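Q: sequence and predicted structure are below.
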Amino acid sequence: MSTPDYDVIAAEVHRKALQNLTDEMAITLVRTSGSPIVTESKDFSTCLMDTTPEHLGFSSYVLFHVGSSLIGTQVIAELAAQGDLKPGDGWIVNDPHTGGAMHQGDVSIIMPTFYDGEHLGWSFANMHVLDVGGVGISGYAPGAHDVYQEGMRFPPIQIIREGKIDSQWEAYIAANVRAPGAVLNDIRSMVAANNTASKKLAQIIDEFGLENHRKYCEINKDLSEQVLRERIAKLPDGVYEAVDWNEFDGHEGPDRLLELRLRLEVDGTDLRFFYTGVPQIDAFVNSTMGPMFGQAMTGLMTVLVYGDLPVNGGLWRPISVDIGEPGTIVNSRPPAPVSNAHSEVGMRACKLAKDVLCQAMALSEDPVLRGRISGQHQDGFPGNALFGINQHNGVSVVFYPDNAIGSGGGAQTIHDGQDAYGLTCTTGGGIPDIENHEGADPVLFLWRKLLPNSGGPGQNRGGQSLEQAYAIHYSDGMAGPCFNACAQVPPHGVGGGYPGSGGGFYPVRESNVGELIGKGVLPTIDRLDGRREDVRSKLTHIVLGRGDVFVGTSGGGAGLGDPLLREPARVAADIVAGYVTPKHAQAIYGVILDGESLVDEAATTAERAAIRAWRIGRTPTKEAQSPPTIGVSVARDAGSWSCTSCDETLDDAEGNWRSGAVCQERPIAERYDELEMVVRDRKESPRVHVREYFCPSCAASLGVDVATDELETLPSAQALKVAVLS
Amino acid sequence: MSTQTQETAPQAFIGVDVGGTHTDVSVVFEGRVERGKALTTYDDFSRGVLEAVEVASANYGLSMEEMLANTRLFINGTTVVTNAITQLRGSRVGVLVTSGFKDAFRLAGGPRTTEIDDHLQLNVPDLIDRRALAEIDERVDWSGTVLVPLDKEQVQAEARRLVEEVGVDALAVCFLWSHANGEHELAAEAAIKEIYPDMFVTPSHRVFPVEGETRRWTTAVLNSFVQDRADVYLTSLNEKLRSSGLEGGLAFFQGLGGGISLDKARQYPLGLLGSGPAGGAIGANELAKRMGKKRVLLGDMGGTSFDTGIIVDNEIHIDKNLELGPFMTGVNLVDVISVGAGGGSIGWVSERGVPQVGPHSAGSTPGPAALGRGGEEPTVTDAMVTLGFIDPDNYLAGRVQLKPELSKGALDARFGERFGWSTDEAAAAMHDLVVVNMANAVREVSVGKGHDPRDFLFLAYGGTLPLFASQIAERLNISTIVIPRNSSVFCALGLLSSDYVMRFDQGVGWDLSKPEGVGKVNEAADQMVEDAIAQMESEGFPRDQITVQRTGDLRFQGQTYELTVPMPERPLTEDDATALFDAFLAQYEQTYGKGTAWEGVPASLINYSVTVTGAQERPELSKASKNGGPAANLVRETREVFLPGERRREQVPIIDDSSFTVGARVEGPAIIDASDTTIYVPPGTTAERDEYMNYVLTR
């Protein structure tokens, strides 16, 4: 090992100083905004870049803004290259089509940084502002057919000079949004955050000197790059593919499944992501480069950025993201609507990225990387935004992010998935209390509970999700849009673990809530009665009247490893806790209790044997052992794919391990009925199936795919050169 | 010895801080302070307390019994409650909760942290066995109106099930909107007491009657969770002290920054949480007031961690809603943050090949390599031994002989070859990194709350920090550093400066755009003030020693975070609505910046709070007289030290603490060797001693 030829301590102190800088930008944003979206939901990001532009520091609350900051700044840097850049200049961006934005609701302010008159780079602040106009509220427009209906769209425009927003632009923005004071204030607070960056950067350079500042920036990017490359080098070279479907059953139909795919090439220390998708549609799900890059990096970061790996531009150097020719859902062009790009196609892109990486990590010789595979997070949520008069005779604006935070997390190798993990991209989000909602809005909550069986089964179980129900109780009516991204195609598990439950919502019309309360009886889940209405997942305008109940269910995280390998005592504990139902436990874990909490060992052994026999249609010839690495169900070595529970060979190394496995394929809705799990059944073709692959010898669960009935068998990992040639 | 004759009334004040490793005692008697230290005794904390009192008493030539008989006030801070929670060892708590909402404890307001790594996203640990959660059919709404009445039969049946079948030994009653109308929780408590008269029951609105069920309910559950261990401790200490002759007052120090009686501590044991760091902050503020200073950043460095906090205008910042790991509570606590930087912090090389220090600590076993107890990893202590700051022959007053060669070996093995460093360079690197980590923590409590550290003095205490205090101050451009006398037992000494304090919060929900609703606020406020004064009087304070402070929490309608503003010391009128709104706007813009207030949005007074203080007698400390001598007389010897800032070895004068009198002055570089700490005065810094024998460093 060669000794470093620079002051390693000074370089590290400098790195911490830059991290403090982006943190202080965030503090400024919080202190000057006061918007609950910033102070409570933490829906914002701040970062610092050099002239390249590459990230020097990033304060993470919403991870996918690594994409919007990078691409937005690239575009502005090109624009500015033709002009005379001055301190106090600033650009606004919120357009996914031209400026790398996540969706129009997320507005960025980007400003150059200077030292002694020399342009040194850029600072970036982004937040979800209260409103951007258009038919949607707060930037969400499920009913829009083109981008022009979705509200104000800013390609990178210089609206800030000498640190102030141009007054004519102020007037324009004020005329186009529902809450002009708050929105302008949000923009000013982002300017303030950028000013903090300039001021602090000058102090840091005063301390370290300009030459050292530049040197240490490069060193620290190099160090992060080097660590990530060392981790990538431990992934087997090859091609890894995955498929997912974006759901859209809005407008007047049809109920569409929109296929998108990802191919990952691992080549030495490089990662190349190739996304493809079906043609763009006339609804708000389409994506562009900003959300695709940001969400791919979000999926990557949660599995590969751990321990000593500061987030900076060095991390993106080994990575390329290709989204193909324009005109598809992954690379849309105007007039495609994009106001939920980040949460529809974007969140599927995040899951795909994690999927292909987990395939590669599972085959790594490095135990640390094998130990970091995980079941998919839910990544989708039932959102509803309602407006009406509240019990205080004021206007109530209801947009509950609770259901997003209430989504379950994927199972990890070291523990069950986190309950109410939220979306992969939203670190640190919180759920407001029932009393906060009831105090401000005309609603009465009936329950807020973890949904049993919502976490995907596995040796480690997926995280559970939230179900909550409220009645309109203090108002004659509320109305607004509803949208849910993940109802029919739930997130799948890893290494033989099962998918989690899907999310959904439904109103219960003319409920008996008022009548029960009139009699002094609590309206519980068992007593609630009324007309349950099945509704689409993307509604432009739902109207809820007095006494109507709205039930929203978030989906769960997916499982990891064969559920029959979960210790029976852990399953029993889950039954006692109410996390799984006895029927579910018996059907998928093969665990039967003797009394209320003790495992009936004999019955459980027999049940597990019966399940294994069902899986492969005969009595297994070998005994399934727990794999050496939990969640790694198949291995590829010595020229073949094999089962890690019994060493049975499944196929040649060049082939697909699935071809040597026994497959049980059924519509997912049927299978979930047996397991007492939630998924939304599709009435239209194609149907969504679950394909359970089992080892023909020991009947271990090797993999559980979620796919449409039209899709060919999913591919397994391939050698790099084979794929490149084809 | 003092020639003062002993009066008949007891004279001594004793402060005891039961810490993780040591139990520290400060005694103020006959105008001077003496210290006592003993190992903390986990099987029965009171034993260690009495041992430490004995050590301190011996310094006055008294037995422990003689000292206790002479004690006017005995104040005790304890980690027993903090430990019960961090170790998740406590009572088996059963909970009665509004039907439909028992999973609030698992959700805990959202468990995800801001860390990117998914392996760090854990489920919230169950303080309560899931079977011990009993859902009760009852409902109160936002206005306090009962929608569904409580069924006493159901409460008793569920309580029986929890006690008889699940085996719980304490209960919490957690109903929605109980802060708006507590009658259901109280009726449930009464129904339980009917069948289990001795059961410890915490109705949530009694401990935190404020909107937001997660914090209110968690606070109630934690109070019941810690009560068993707290009760054992309180009872044992009280009995031992009384049987050993204590006749004066006995008070227990709360994390809120004041004392409380034994009976009150038994009812609300959760109040004892975090009392150690709070003692230091109270002491720091008292010292600052005595010195005429209003703005203080304080720091305390121990073996494993560095604690820091902020005092603005002699007000200690109170963290209103303590987040205790994954648990959101309504506990009010002196705001002190802690980072893993201490004498035992280990130096290591990260995956990027960058040297790091902490947060892992070698603890007391094996401890620093220099102890020769098998520790092979270099710690901050090893670095300071190597640099020459710590005298290996005089560590812990010579009780422990250090082996510097083991420190050097550990540093060389970890850093030497890899970075091409000499032992001194490796040690200096660790020194620099631990200083940066501490400076960043101080930056967080100051800049993070909108203050510029340059406007503050840095008050550094604890046995280790004075070696680093100047360097931390340098990084933050702070010009004045104060190292108090008796630095190592400063927290225990701080307890002696405390008053009795109790705080009451009540959700009131007054929409300021509807002034006519002021009546219910006054009703609540009058009741709270009356109760607060009565409770303080029952603690033995005459009315003229009791002060009442009123504050209110306000927010714009639609927000969920509040800002606190002072409230008038009188009943409110409808006209106050405008004045309060204006005060809130001013506070809002001061906090969040000019022009940030929400235009056209009404605000509400969410909570009314009453803090009642019973002024407690303080021990008199005598001042030293000015008697400076030339610095040359102070130098005991010189020692070769590697100066980390200058990166060179130099002969540095070692200053004798006992001859450093008031008015004397030393220019850096110098090392002041006090009996319980070592102070580094770097080049360019001047050290002086004030009339309270504190060291004041100016740079």
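A: All right, it came through fine.

Q: show me where the stretch 201-350 of chain B has its strands.
A: Ranges of strands within the stretch 201-350 of chain B are B:249-253, B:259-260, B:296-301, B:306-312, B:315-316, B:318-319, B:323-324, B:327-328, B:333-334, B:336-339, B:345-349, based on DSSP state E, counting those that start in this stretch.

Q: check which helices and strands the fourth one sits against.
A: Just to be clear, that refers to strand B:306-312. Contacts defined by 3 or more C-beta pairs under 8 Å, 6 or more residues apart in numbering or on different chains; DSSP states H and E place strand B:306-312 against helix B:275-291, strand B:296-301, strand B:336-339, helix B:423-446. No exception for glycine: its C-beta is placed from N, CA and C like everyone else's.

Q: highest average neighbour count across those?
A: strand B:296-301 (a mean of 27; mean count of other C-beta atoms under 10 Å in any protein chain shown).

Q: quick one: contacts of it?
A: When contacts are taken as C-beta atoms under 8 Å, 6 or more residues apart in numbering or on different chains, the neighbours of strand B:296-301 outside the stretch itself are B:277, B:280-281, B:284-285, B:288, B:306-311, B:341-343, B:438, B:442, B:445-446, B:453, B:456-465, B:468-469, B:472, B:478, B:490-491.

Q: mind redoing it with 6 Å?
A: Taking contacts as C-beta atoms under 6 Å, 6 or more residues apart in numbering or on different chains, the residues outside strand B:296-301 that touch it are B:280, B:284, B:288, B:307-311, B:342, B:442, B:446, B:456-462, B:464-465.

Q: low-scoring stretches of chain A, by residue?
A: Segments of chain A classed as low confidence (criterion: pLDDT under 70) are A:1-2, A:34, A:36, A:40, A:395-401, A:721-726.

Q: would you say A:Tyr579 is within a helix?
A: No: A:Tyr579 is assigned coil when assessed by DSSP: H, G, I helix; E, B strand; the rest coil, not a helix.

Q: how many other residues sit next to it?
A: Using other C-beta atoms under 10 Å in any protein chain shown, A:Tyr579 is surrounded by 23 other residues.

Q: over to A:Cys217?
A: Should you count by other C-beta under 10 Å, A:Cys217 turns out to have 24 residues around it.

Q: which element is the spatially closest residue to it that is not a sequence neighbour on?
A: For A:Cys217, ignoring the flanking residues on the chain, the nearest one in space by C-beta to C-beta, 6 or more residues apart in numbering or on different chains is A:Leu56 at 5.5 Å. Following DSSP states H and E, one finds A:Leu56 within strand A:55-59.

Q: partner strands of that strand and their direction?
A: strand A:44-50 (antiparallel) (DSSP bridges).

Q: picking that back up, list the contacts for the residue nearest to A:Cys217?
A: With contacts defined as C-beta under 6 Å, 6+ apart, the neighbours of A:Leu56 are A:Leu18, A:Leu48, A:Asp50, A:Cys217, A:Asn312.

Q: by neighbours, which of those residues wins?
A: Greatest neighbour count in the contacts of A:Leu56, by other C-beta under 10 Å, goes to A:Leu48: 29 neighbours.

Q: now do the same contact list for that one.
A: A:Leu48 is in contact with A:Leu21, A:Thr22, A:Leu56, A:Gly57, A:Ser123, A:Ala197, counting by C-beta under 6 Å, 6+ apart.

Q: residues in contact with the last one?
A: It stands for A:Ala197. A:Met25, A:Leu48, A:Ser123.

Q: out of the residues you listed, who's nearest A:Asp267?
A: A:Asp267 lies nearest to A:Leu48 out of the contacts of A:Ala197, by C-beta to C-beta, at 30.7 Å.

Q: from A:Val227, how far off is the closest one?
A: In this structure, A:Leu48 and A:Val227 are 20 Å apart, going by C-beta to C-beta, to the nearest Å.

Q: then A:Thr276?
A: In this structure, A:Thr276 and A:Val227 are 30 Å apart, going by C-beta to C-beta.

Q: what about those two, which has more around it?
A: Neighbour totals were compared for A:Thr276 and A:Val227, and A:Val227 leads with 22 against 18 (other C-beta under 10 Å).

Q: tell me which element that one is part of?
A: A:Val227 belongs to helix A:210-233 when assigned by DSSP H and E.

Q: point out the other helices and strands that that helix packs with.
A: helix A:8-33 (3 or more C-beta pairs under 6 Å, 6 or more residues apart in numbering or on different chains; DSSP states H and E).

Q: okay, domains of chain B per the record?
A: As recorded under automatic domain parsing, the domains making up chain B are B:12-84+B:232-272, B:89-225, B:500-614.

Q: those into a markdown table, with extra columns for distance to chain A?
A: Rendered in a markdown table, the data for the domains of chain B read as follows (distance: least, C-beta to the nearest C-beta, whole Å):
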| stretch | distance to chain A |
| --- | --- |
| domain B:12-84+B:232-272 | 20 |
| domain B:89-225 | 3 |
| domain B:500-614 | 4 |
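
Q: could you point out which of those domains sits nearest A:Ile472?
A: Shortest distance between A:Ile472 and the domains of chain B, using C-beta to C-beta, is found for domain B:89-225: 13.7 Å.

Q: I'd like the next helix or strand past the worst-scoring helix or strand of chain B on mean pLDDT.
A: Across the helices and strands of chain B, mean confidence by mean pLDDT, DSSP states H and E is lowest for helix B:490-495: a mean of 78. Proceeding C-terminally, helix B:490-495 gives way to strand B:500-511 as the next helix or strand, assigned by DSSP H and E.
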